[in-house]
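**Q** let's see this in three dimensions:
(chains A and B)
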Amino acid sequence: MKDDLGFLNLVLHAHLPYVRHPEFDDFLEEDWFYEALWETYIPFIDMLERLCYEDVDFSITLSLSPTLCSMMEDELLTERFLRKMENLKGLIFKEKERLKNTAFEKSVGMYEKRMKKIEEIISRYNPVTKAFKRFFEEKKLNLITTSATHIFMPHLRYAGKANEAQIKIGIEYLKTVFGRRPKGFWLPECGYYRGVEDILEKEGVEYFFGETHCIMYADHYPKRGVYAPMFTENGVACFARDTESSRQVWSAREGYPGDFDYREFYRDVGFDAPYDYIRPYLHKDGVRGNTGLKYYRITGSNVDLGKKEPYDPEAARKKTIIHAEDFLFNRQKQMKYLNTIYNRKPIINAFYDMELFGHWWWEGIDFLEEVIRKIERFNIKLITPDEYLDVYPENQVSRLNESSWGWKGYGETWLNGTNDWIYRHLYEMEDRMEEMAKKYKDTKDKRILFILSQMARELLLAQSSDWLFIMHEGSCRQYAERREKLHINRFNHMYENLKKNFIDVEFAEESYKKDNIFPALNWKVYAC
Amino acid sequence: MEEEAKRVKFYKAQVWGQIEEKSIPSRYMKNRIILLSVDPYHLFTSWEVMEKPPFIIRVFDFTRRFFPQYNEVFSFKVESDVGNWYMNGKPSAVYLAQIGKVKEGKFILIAQSNIVQMPNGSVSTSRICMEMRKIRIEEKKILKEEKMEHAYER
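**A** Below you'll find the predicted structure:
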């Protein structure tokens, strides 16, 4: 500790919107979850296991969103995931024959190994949240969470108790799954606004994470830049993102994931193989799509998809070592410099979307593992925010700057011409929810209690920042719009019936069958 | 094969359609105006009014709130009873919007928005530095947690 140059605060944010469609046997958008599991979370668990087994000293922060956690806990989705994997295994088996003695053999072998790993991990941890619980208890993972359905808070701050309920329900849910309240909180999309710290403090949260200019543009000049946290006026600490370390990993152009030896994401056997051969492994609608098996490397900048060269897993693996060392070398140089200008050891806050590793950047988990293994050699210590606050409990205080880590650094992604029409509905729904919650605060009628909890579910799901994000991005836009409309319609239907004193519990039950998030949800947060 | 695939997709779409048959409400029968900051330079407003257009939207600058009169920054006429609009603003400023009608030269207020503080958008020139020490006592925290569990019962 004495010789350390500084600290690296590695924060991984794991989130997916709640997508679960029991009404269909096979649903395209559910794939987001299955892909995330086999490409990111299971290899991540595998990595944690290996590091623990080898007694490597580390602690990283994982923010697990309540929606993703609910999907991991859900039986139906787990069952479907296993079915999906069985199917994929079948394809790999056939591919092994088809691609024998070709340049793709090694890649097929890599997928085969991965499938075995999945079986192993699932046999030990089912649901997979069990694994996170284990590493949380062993203090290797600092598990925190975010708001219930990943609401973009700055834009709904004037909507009554919307943010308060989101935060409370999110934290409470994490506690029911993992047995402990988290000390930290991940603001969805790093969306900070003045006043959110008051809610966080009430919930016992000690720190949260912000974008660089959350601290840099605070009302007072930050004397240690983003290399120390800043307290808000009520003493909740904000750790802000370091731009250098994020660009190196995030950027597809300048960053590591764009290396020519790494696997190409967009060339999938689902598009390449003969249609009749691949048909059983596609979705039931039969439209060509990703199967997950990709055999090519990025090859070069601006190389046409058709001209990509075969992927070599070993060469890619070697690259991850080089990149991990480069990453640490650069952090070391950064820290050496920071030590000359500040009178305390710097903390470098590196935040990433968990899905970057494994899903978008296939070799990303290997990279992470190398970083964790090698960090000590570079005289850097991995630290969690609570540990840091124990080392340096004194920090500067200021009023922080509203910001987000989205496009342009503020709220435009979630409020622009493509999605602004949603806000008046969200504001109105919040009013209606509070009206009904107050009206039936003391009711004993189980049917009304059930309807109110389903109304709260629909409201929460409509508030997801994901739908707004997708509408802005353009792909899968129809799905996002449908989801918004669906939740708004269901919610208003229940509200209007309740207002007419017509108690239609069947409709609420039917909705619950589809969207069963937070079974123990407490809607009374809307009533106080 | 591909033909059949299309048919399945069509069927799926129909099922979806039934669930969300209704279109979402166009009006909530309420007078309301919301004001939000998009970034340090842009404001967004959304309104619904239960009267017939036209209306006037006035935006006030509240930044120096001790001035005898609040500064009206600008106002504009809108021709619909439900709508959204984007406006320019200044970093760190505080705004408020009103929607109303003009009758006999007088502004008649229908609804007033929340107050918005814009993000700073640049590094502060203030070199004042306050430090805070946070004492973290486990015992105190445990007490706090117990108290909260009662307030948030299941």
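**Q** check which helix or strand covers residue 95.
**A** Unless you meant another one, I'm taking chain A. Per DSSP states H and E, A:Glu95 falls inside helix A:75-98.
**Q** other chain: chain B
**A** Assigned by DSSP H and E, B:Tyr95 falls in strand B:94-103.
**Q** and if you look at A:Lys318?
**A** Secondary structure assignment for A:Lys318, by DSSP H and E: helix A:313-341.
**Q** what mean pLDDT does that helix have?
**A** Across helix A:313-341, the average pLDDT comes to 96.
**Q** what does the stretch 101-250 of chain A put close to chain B?
**A** Residues of the stretch 101-250 of chain A lying close to chain B (Cβ under 8 Å from any Cβ of the partner chain) are A:154-155, A:158, A:168, A:172, A:181, A:194, A:202-204, A:206, A:216-221, A:223, A:231, A:235, A:237. (Glycine included, C-beta is placed from N, CA and C.)
**Q** what about 6 Å?
**A** Selection of the stretch 101-250 of chain A residues close to chain B by Cβ under 6 Å from any Cβ of the partner chain yields A:His155, A:Tyr158, A:Gly204, A:Met216, A:Tyr217, A:Asp219, A:His220, A:Tyr221, A:Lys223, A:Phe231, A:Gly235.
**Q** among those, which are in strands?
**A** Judged by DSSP state E, these include A:Phe231 as members of strands.
**Q** who's in contact with the strand holding B:Tyr95?
**A** With contacts defined as Cβ atoms under 6 Å, 6 or more residues apart in numbering or on different chains, strand B:94-103 is touched by B:33, B:35, B:45, B:47, B:55-60, B:62-63, B:107-113, B:115-117.
**Q** narrow those residues to just the buried residues.
**A** Buried by 16 or more other Cβ atoms under 10 Å in any protein chain shown: B:33, B:35, B:45, B:47, B:55-60, B:62, B:110-113, B:116-117, out of the contacts of strand B:94-103.
**Q** buried sites along stretch A:448-459?
**A** For stretch A:448-459, a neighbour-count test (16+ other Cβ under 10 Å) marks A:Ile448, A:Ile451, A:Leu452, A:Ser453, A:Gln454, A:Met455, A:Ala456, A:Arg457, A:Glu458, A:Leu459 as buried.
**Q** also stretch A:347-361?
**A** Buried positions in stretch A:347-361, judged by neighbour count with 16+ other Cβ under 10 Å: A:347-359, A:361.
**Q** same deal with stretch A:313-323?
**A** Under 16+ other Cβ under 10 Å, the buried positions of stretch A:313-323 are A:Pro313, A:Ala316, A:Lys319, A:Thr320, A:His323.
**Q** stretch A:486-493 too?
**A** Buried residues in stretch A:486-493, counted by 16+ other Cβ under 10 Å: A:Leu486, A:His487, A:Ile488, A:Asn489, A:Arg490, A:Phe491, A:Asn492, A:His493.
**Q** pull stretch A:86-98 out as CSV, backbone CA atoms only.
**A** Coordinates of the C-alpha atoms in stretch A:86-98 are reproduced here as CSV (Å, rounded to 0.1, in the frame of the first residue of the first chain):
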residue,chain,number,x,y,z
GLU,A,86,-28.9,-26.7,-26.4
ASN,A,87,-29.8,-25.6,-29.8
LEU,A,88,-26.5,-23.7,-30.2
LYS,A,89,-24.6,-26.8,-29.1
GLY,A,90,-26.3,-28.7,-31.9
LEU,A,91,-25.2,-26.2,-34.4
ILE,A,92,-21.6,-26.2,-33.1
PHE,A,93,-21.6,-30.0,-33.4
LYS,A,94,-22.6,-29.7,-37.1
GLU,A,95,-20.2,-26.9,-37.7
LYS,A,96,-17.4,-29.0,-36.4
GLU,A,97,-18.0,-31.5,-39.2
ARG,A,98,-18.6,-28.8,-41.8
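**Q** so what touches that stretch?
**A** Contacts of stretch A:86-98 with the rest of the structure, by Cβ under 6 Å, 6+ apart, involve A:Val108, A:Tyr111, A:Glu112, A:Met115, A:Tyr281.
**Q** let's have those residues in CSV, adding distance to A:Asp431.
**A** Below are those laid out as CSV (distance: Cβ to Cβ, whole Å):
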residue, distance to A:Asp431
A:Val108, 56
A:Tyr111, 51
A:Glu112, 55
A:Met115, 50
A:Tyr281, 48
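**Q** most neighbours, which of those?
**A** Among the contacts of stretch A:86-98, A:Val108 has the most neighbours (other Cβ atoms under 10 Å in any protein chain shown), with 23 neighbours.
**Q** show me where the chain has its strands.
**A** Let's take chain A. A:6-14, A:60-64, A:141-144, A:184-185, A:207-210, A:230-231, A:237-240, A:347-353, A:380-382, A:394-397.
**Q** you looked at the wrong chain, it should be chain B
**A** Under DSSP E, chain B gives strands at B:32-39, B:42-48, B:55-61, B:71-78, B:82-88, B:94-103, B:106-112, B:116-117, B:130-133.
**Q** can I get the ones you listed in TSV including mean pLDDT and distance to A:Ala437?
**A** TSV is the format used below for the strands of chain B (pLDDT from 0 to 100; distance: least, Cβ to Cβ, whole Å):
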stretch	mean pLDDT	distance to A:Ala437
strand B:32-39	97	20
strand B:42-48	97	23
strand B:55-61	94	32
strand B:71-78	88	33
strand B:82-88	96	26
strand B:94-103	94	28
strand B:106-112	95	24
strand B:116-117	95	27
strand B:130-133	81	36
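**Q** between those strands, which one is nearest to A:Phe135?
**A** Closest of those to A:Phe135 is strand B:130-133, at 31.6 Å (criterion: Cβ to Cβ).
**Q** who are the packing partners of that closest one?
**A** With contacts taken as 3 or more Cβ pairs under 6 Å, 6 or more residues apart in numbering or on different chains; DSSP states H and E, strand B:130-133 sits against strand A:394-397.
**Q** ok, the strand it packs on near chain B or not?
**A** Yes: for strand A:394-397 and chain B, the contact criterion (Cβ under 6 Å from any Cβ) is met by A:Glu394, A:Gln396, A:Val397.
**Q** one step back: hmm, which of the residues of the stretch 101-250 of chain A next to chain B are the buried ones?
**A** For these, a burial check counting by 16+ other Cβ under 10 Å picks out A:His155, A:Tyr158, A:Gly204, A:Met216, A:Tyr217, A:His220, A:Tyr221, A:Phe231, A:Gly235.
**Q** contact partners for the residue in chain B that chain A sits nearest to?
**A** Residue nearest to chain A within chain B (Cβ to the nearest Cβ): B:Ala5, separated by 3.1 Å. Taking Cβ under 6 Å, 6+ apart as the criterion, B:Ala5 is in contact with A:Asp285, A:Gly286, A:Val287.
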